[in-house]
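[1] Return a 3D structure for these sequence lines:
(2 chains)
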Number of protein chains: 2
Amino acid sequence: MSEFTEDEKKGFYKAVYSRRDVRSHFISKPIKNEILSKILNAAHHAPSVGFSQPWNFILIKDDLTKKKIKESFEIEKEKASHHVEEPNRSKYLSFKLEGILESSINICVTYDPSKFGPFVIGRSSIPEAGLYSVCCAIQNLWLAARTEGIGLGWVSILSNETLKDVLKLPEHVVPIAYLCLGYVDEFAEKPDLEKAGWLPRLELKDVVYFEKWEEKENSEWQEIQEMIKTNLDYA
Amino acid sequence: MSEFTEDEKKGFYKAVYSRRDVRSHFISKPIKNEILSKILNAAHHAPSVGFSQPWNFILIKDDLTKKKIKESFEIEKEKASHHVEEPNRSKYLSFKLEGILESSINICVTYDPSKFGPFVIGRSSIPEAGLYSVCCAIQNLWLAARTEGIGLGWVSILSNETLKDVLKLPEHVVPIAYLCLGYVDEFAEKPDLEKAGWLPRLELKDVVYFEKWEEKENSEWQEIQEMIKTNLDYA
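    This next block holds a predicted model:
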């Protein structure tokens, strides 16, 4: 079990580099329950602080629910547009940023801090660690979907108040993500916002420091400093 | 590129199910810079809200830094123990919860909300979305380490104030995770806290709802309700 073969590694890195945030290209092919269970189970096997497993997954296909969420998206998208100046404002408004209605299944992933609480190992000094566990589960879910050929888009242009109301979440439960899943006719080679020239992909050397913040040159780390200057994009 | 072979899928799921939070069993074999770069690059190819890539990775091997962090761990571990009653308190105190000094490399992963800001697509309605992106990167990093045979432990029993001070983080930058990486002589079959009987692994059916909070029976979802009642543990 311990060592990974080259093919197994290849499979993992392929999931990482070909995963996309999918907002269009959804097709109507339904997701089999067996596949959906596999994806959810991968999510459920994420790490969690103090083994608290504080996530829940609400599966949604009801049209009325989807429409209410889509409405919230429209309102919030418009609101946000006032924070950006022209010509970017028009560009922003022209982007397709969700596939709520076209995707076959929506999943709301929530965080329940009361689960196995109040004392959870590792959550006393940094209470946000519970939230972070839920995000790890979401990334497992996302990668699992990709390996199964299923596109996933995370919609964060939404009112959490509306989400809580529509999905009947109790006051203490926090909605973390609203995800749209479905088969797609293609996975884009690059992220939509990169292709549209909205923002560039940073180079690895731009995000790695040595020993402390903003330290880019450190004699103890010379070899890797050189290494990450070359393009490592496996995408 | 699109379809995954059975072997590629197997590789991905193997990473998910054999990944562990590692606090012991570290060995002294050093991590090659090439492997470390691969792992960091997988992290950097995580999804991010509005393609903001708001993460930084601070690589640490300086003993003095590690010792200061370990000290903070000891203080916070002791503090937290007062929130739990005996006999669990003694049990908690007996657990080995970090491998800061024994692991060959520590990585602090940070969130910089100012990157590409202030307007980031998808972050106006839910500002926490930036944090969530950083967690997705951490999960990529964790799984990549596992495929390379490297153990990783996330230490959240720490003072973020100490971390900020020791690593010279600017005020606006948030430390999200302090990770310990190193080769190990074994990956445990089950999470340490499960094996120790601290908490049980929930079943998948306990964390999945249908259409709204706490709805477990829904005629539209009957097949998958049955399916997730059976044990899907691939670990």
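[2] so how many other residues sit close to A:A137?
    Neighbour count of A:A137, defined by other C-beta atoms under 10 Å in any protein chain shown: 29. C-betas here are computed from N, CA, C, even on glycine.
[3] and it, what does it touch?
    A:A43, A:H44, A:A46, A:S48, A:W55, A:V109 (C-beta atoms under 8 Å, 6 or more residues apart in numbering or on different chains).
[4] Got a PyMOL select line for the buried ones in those residues?
    To isolate in PyMOL the members of these that are buried, counting by 16 or more other C-beta atoms under 10 Å in any protein chain shown, one can use:
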select buried, chain A and resi 43+44+46+48+55+109
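[5] Closest to B:L152 out of the contacts of A:A137?
    Closest approach between the contacts of A:A137 and B:L152, by C-beta to C-beta: A:A46, at 13.2 Å.
[6] what two of the contacts of A:A137 are the furthest from one another?
    The most widely separated members of these, counting by C-beta to C-beta, are A:S48 and A:V109 (12.8 Å).
[7] which residues do the two both contact?
    Listed contacts common to A:S48 and A:V109 are A:W55, A:A137; contacts here mean C-beta under 8 Å, 6+ apart.
[8] related to what we said a few turns ago, the contacts of A:A137 in helices, which ones?
    Members of these lying in helices (criterion: DSSP state H): A:A43, A:H44.
[9] could you dump the contacts of A:A137 to a markdown table with distance to B:D206 and pLDDT?
    What follows is the contacts of A:A137, written out as a markdown table (distance: C-beta to C-beta, whole Å; pLDDT from 0 to 100):
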| residue | distance to B:D206 | pLDDT |
| --- | --- | --- |
| A:A43 | 13 | 98 |
| A:H44 | 9 | 97 |
| A:A46 | 15 | 98 |
| A:S48 | 14 | 98 |
| A:W55 | 11 | 98 |
| A:V109 | 15 | 98 |
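[10] restrict the contacts of A:A137 to those near chain B?
    Contacts with chain B within the contacts of A:A137, as defined by C-beta under 8 Å from any C-beta of the partner chain: A:H44, A:A46, A:W55.
[11] what separates the last one from B:H44, distance-wise?
    A:W55 sits 25 Å away from B:H44 when distances are taken as C-beta to C-beta, to the nearest Å.
[12] which residues touch A:D21?
    Contacts for A:D21 (C-beta under 8 Å, 6+ apart) come out as A:L152, A:G153, A:W154, A:P191, A:D192, B:P47.
[13] swap in A:P200?
    For A:P200, the contacting residues are A:E194, by C-beta under 8 Å, 6+ apart.
[14] Quick check: it is in a helix.
    No. A:P200: not assigned to a helix; according to DSSP: H, G, I helix; E, B strand; the rest coil it is coil.
[15] Name the nearest of the contacts of A:D21 relative to A:N88.
    For these, the nearest to A:N88 is A:D192 (15.2 Å; C-beta to C-beta).
[16] what about the closest one, how many neighbours?
    Count around A:D192 with other C-beta under 10 Å applied: 18.
[17] Return the backbone torsion pair for the closest residue in space to A:K216 that isn't next to it in sequence.
    Of all residues not flanking A:K216 in the chain, A:Y209 sits nearest, at 6.6 Å (C-beta to C-beta, 6 or more residues apart in numbering or on different chains). Dihedral angles of A:Y209 (phi, psi; degrees, to the nearest 10) stand at phi -120, psi 170.
[18] Nice, that's everything, thank you.
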